[in-house]
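Asks: give me coordinates for this.
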Amino acid sequence: MVAEVIDGELHLHPRPALPHAAAATALAEELGPPFKRGRGGPGGWILLYEPEIHLGEDIVVPDLGGWRRQRLPALPPAPYITVPPDWVCEVLSERTARVDRGDKLALYARESVQHAWLVDPKQRTVEIFRLEQRRWTLVAVYKDDARVRAEPFDAIELDLRVLWADVAPAAQP
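Replies: Residues are numbered from 1 along each chain as shown. Model prediction:
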């Protein structure tokens, strides 16, 4: 189980299903070399899979979190981070979508996280949000096999096919 505390409420979620884990892993593999390592891209980021983040009394575990090295030059020697990320990615599932879209996006806005992505492996979509005046603005929605340049990682082209490549398509009713 993954436990999070948002606005004093405990949220328990089962570990992600395989399509969820595959999409998050593939995205991390695509962003890591150019942004974390600077291979084929600008570098300058710390990217983590399921980091535990303490924001005041709230505890969240986004599927992926990213910090610009100007704000977080190195990871603390602790089991969690207290610096809000610059970017978060939540991979949606039936059990987490309500909390991810509602409570967590509101918390991220309150903490001035500048960018949020919502990835839906079932629908094969990626929603890109930017924080403007403490409110989320939907920048774009991409789907299926689109090739995109999505902020804040628009220095590279991301082929969305890699996010769903290892997952069989959902059966159509």
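
Asks: name the helix or strand for the nearest residue to residue 46 once chain neighbours are set aside, please.
Replies: Nearest residue to residue 46 in three dimensions, chain neighbours excluded: residue 67, at 4.7 Å (CB to CB, 6 or more residues apart in numbering). Bear in mind the C-beta positions are built from the backbone N, C-alpha and C, glycine included. Here residue 67 sits within strand 64-68, counting by DSSP states H and E.

Asks: summarise which helices and strands that strand is packed against.
Replies: Packed against strand 64-68 by the contact rule (3 or more CB pairs under 8 Å, 6 or more residues apart in numbering; DSSP states H and E) you find helix 18-31, strand 45-49, strand 87-91.

Asks: that older thread, and the residue nearest to residue 46, what does it touch?
Replies: Residue 67 makes contact with 45, 46, 81, 83, 85, 86, according to CB atoms under 8 Å, 6 or more residues apart in numbering.

Asks: in contact with the residue nearest the centre of the chain, which residues?
Replies: Nearest to the mean C-alpha position of the chain, counting by CA atoms, centre = their mean, stands residue 89 at 0.9 Å. By CB under 8 Å, 6+ apart, the contact set of residue 89 is 24, 27, 62, 63, 64, 65, 116, 117, 118, 119.

Asks: report the beta-bridge partners for residue 126.
Replies: On the basis of DSSP bridges, residue 126 is bridged to residue 119, residue 142.

Asks: ok, back up a step: any idea how far the residue nearest to residue 46 is from residue 79?
Replies: The gap separating residue 67 from residue 79 is 16 Å, by CB to CB, to the nearest Å.

Asks: just residue 27 next, same as before
Replies: Distance of residue 27 to residue 79, computed by CB to CB: 24 Å.

Asks: more neighbours: the two, which one.
Replies: residue 27 (24 against 8; other CB atoms under 10 Å).

Asks: a markdown table for the helices and strands packed on strand 64-68, including distance to residue 106?
Replies: Output for those, formatted as a markdown table (distance: least, CB to CB, whole Å):
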| stretch | distance to residue 106 |
| --- | --- |
| helix 18-31 | 22 |
| strand 45-49 | 22 |
| strand 87-91 | 12 |
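
Asks: okay, these, which one's buried deepest?
Replies: strand 87-91 (a mean of 25; mean count of other CB atoms under 10 Å).
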